[in-house]
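Student: Only the shape, not the letters, is given here:
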């Protein structure tokens, strides 16, 4: 057996877990989609596989740059991890698996991951040709689900020369029943190879080691779709669960079906089995893509995870244009849950000083019980807390409701809505995990950066965090930062929250403090996430990725020359950001005298943005022109012998 080691990167997301009554009573969440990719390399996302292990959700998904031609080719494999199911955060934002072998040259199509006796097993499919008329099957193992050891050769599960799976074979789901691996795959015959709507069936194969597979020759295919009038005539992807606690029907299957002749929607169906070979299909779908803007073109994948006694469902939906890839939706049994979603919250007038705050909430009440909807506003200054009765719902229905509340003092807000049967706003009957909370503030997110990194006696390294205010009008009182890292190679040695001095209401005002950490291995990167608080209220999140901890190699990350970027946005009103770079001109990263000033069209100086010594690195500064009139302005940088001037336009 031939293996090779892959150095991988991890992406971090967060998931939520919510109660469900029965696996066939799924209801899609009102906040769908709960995830859509916004980065470059995975801007076109297709299929996903989700594993629940050690109280964490782990997602493996195929994706690529959307501009690459042929929607299902040349995709990489990404990784995500989550705690609770609704909020997702990426880690390192790089693929966890790349296609390197000759038989992988068309990229990845799908991945299946399960954990057996603390060993992570992955099977991944690669298109055999650009028409995707068949696939090859690869295999990899891992001890943590992040760093994978990939088998060089493809596996032996291939299409037959004759019969129902002679046209093409597509592995879809793998389970372990305690003694062996069982794989469920869809395939079609040579006879319908060239048909647009191929007649797929579901087959089964077994393996004791996950590498050598044997197709079942007696029962295959285990499920066929012959009724041309049925909604599940055209088969999509499949997800299978082995539930040993269900002694009658331990094998549970969910699959996507559709029938373009009947309608243009796609559906999820359910099937059960006692032995994994003879299946009873549901006659009616349990989930539909109808009226879902995030799944206008249907579902391309379904994934089921069993947590305790409950099943949870994730759906990859295609919205509007197949060239944009898929987004991820979530479903559980929300049938009897009251849903609240904050739609909008903000100042009524252009300035917030003393003005009322308007907010809107979407509420769905599925019961006949009379309930009251309340909005809560918490202000940082003086810790004022106000309850505002927004609406009384007399029974079943969905409503868009609005309210207004006055909150004085510094403009930090924490807004939430909730439902109660008590007009006083107490004795809340509404479970908060079913609603979406929008935390917001009129203050833009401060900038967090590492300005110094050095070896230290207290730990392997210490890094100086710099928090910079980019607001010219509002201070940040009592700022604190909670620092975490999902990188297993980093061991943080620091307080739960790092305190900073109060930051004044001026752009470029900042405060600093240190974090300490140990690292494992010589090629480790700083990958950290920040929760940023003010007066003990969490308002912002941020992260830093891929900062080299090898002090000797830090210069490889620094700019090679001076540069001044064009301001963004441009034109602007009333603030804009200017970025510049200072190169390493000596081995000790010596300081440069830097000034950055703004001039009007007559050459008069109107603002000094920077006037200090700075080390080599990447910098940005914000200019708030709230007191300046519309017109053309120039910004000029002097750093050592480097001088450059650029033009910008203020439109009021």
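Tutor: It's in. If you're wondering where the values come from, they're calculated on a predicted model, not measured in any experiment. Residues are numbered from 1 along each chain as shown.
Student: Per the annotation, how does the chain divide into domains?
Tutor: Following automatic domain parsing, one gets these domains for the chain: 9-332, 339-441, 447-546, 559-650.
Student: for the third one, the distance to its chain's centre please.
Tutor: Meaning domain 447-546. On the basis of CA atoms, centre = their mean, to the nearest Å, domain 447-546 sits 22 Å off its chain's mean C-alpha point.
Student: what about the stretch 51-200 of the chain, any weak spots by pLDDT?
Tutor: Along the stretch 51-200 of the chain, the model assigns pLDDT under 70 to residues 67-71, 86, 193-194, 196-197.
Student: per-residue confidence averaged over stretch 607-619?
Tutor: For stretch 607-619, mean pLDDT rounds to 85.
Student: now do stretch 373-385
Tutor: Mean predicted confidence for stretch 373-385 is 55.
Student: next one: stretch 299-308
Tutor: Stretch 299-308 shows a mean pLDDT of 91.
Student: which residues sit against that stretch?
Tutor: Contact partners of stretch 299-308, identified using CB atoms under 8 Å, 6 or more residues apart in numbering, comprise 17, 23, 46-52, 57, 110, 236-239, 241, 243, 252, 254-256, 266, 268, 289, 311-318, 326. For glycine as for every other residue, the C-beta is placed from the backbone atoms N, C-alpha and C.
Student: switch the cut-off to 6 Å
Tutor: 17, 46-48, 50, 52, 237, 239, 241, 254, 256, 266, 268, 289, 311-318, 326 (CB atoms under 6 Å, 6 or more residues apart in numbering).
Student: Centre of the chain to that stretch, how far?
Tutor: 17 Å.
Student: what does stretch 156-166 give?
Tutor: With CA atoms, centre = their mean, you get 37 Å for stretch 156-166.
Student: Would you verify that residue 399 is located in a helix?
Tutor: No: looking at residue 399 with DSSP: H, G, I helix; E, B strand; the rest coil, it is strand, so not inside a helix.
Student: beta partners for it?
Tutor: In this entry, residue 399 is beta-bridged to residue 363, by DSSP bridges.
Student: Run a quick neighbour tally on it.
Tutor: 13 (other CB atoms under 10 Å).
Student: Likewise for residue 602?
Tutor: Counted with other CB under 10 Å, the neighbours of residue 602 add up to 7.
Student: likewise residue 579?
Tutor: 14.
Student: follow-up on the earlier one: need the winner for burial among the domains of the chain.
Tutor: domain 9-332 (a mean of 18; mean count of other CB atoms under 10 Å).
Student: now that domain, how far from the centre of its chain.
Tutor: 18 Å.
Student: Three-state assignment for the spatially most central residue of the chain, please.
Tutor: Taking CA atoms, centre = their mean, the centroid of the chain lies closest to residue 88, which sits 3.9 Å from it. Assigned with three-state DSSP, residue 88 falls in the coil class.
Student: And it, how far from residue 33?
Tutor: According to CB to CB, to the nearest Å, residue 88 and residue 33 sit 10 Å apart.
Student: Over to residue 140?
Tutor: Where residue 33 is concerned, residue 140 sits at a distance of 29 Å (CB to CB).
Student: Check residue 168 too.
Tutor: Distance, residue 168 to residue 33, using CB to CB: 30 Å.
Student: And residue 598, by the same measure?
Tutor: 42 Å.
Student: do residue 311 as well
Tutor: Counting by CB to CB, the gap from residue 311 to residue 33 is 20 Å.
Student: Strands along the stretch 51-200 of the chain, start to end?
Tutor: 56-64, 76-82, 110-116, 119-127, 135-142, 148-151, 168-176, 181-188 (DSSP state E, counting those that start in this stretch).
Student: Turn those strands into TSV, including distance to residue 604.
Tutor: Shown next, in TSV, are the strands of the stretch 51-200 of the chain (distance: least, CB to CB, whole Å):
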stretch	distance to residue 604
strand 56-64	51
strand 76-82	52
strand 110-116	61
strand 119-127	63
strand 135-142	63
strand 148-151	61
strand 168-176	69
strand 181-188	72
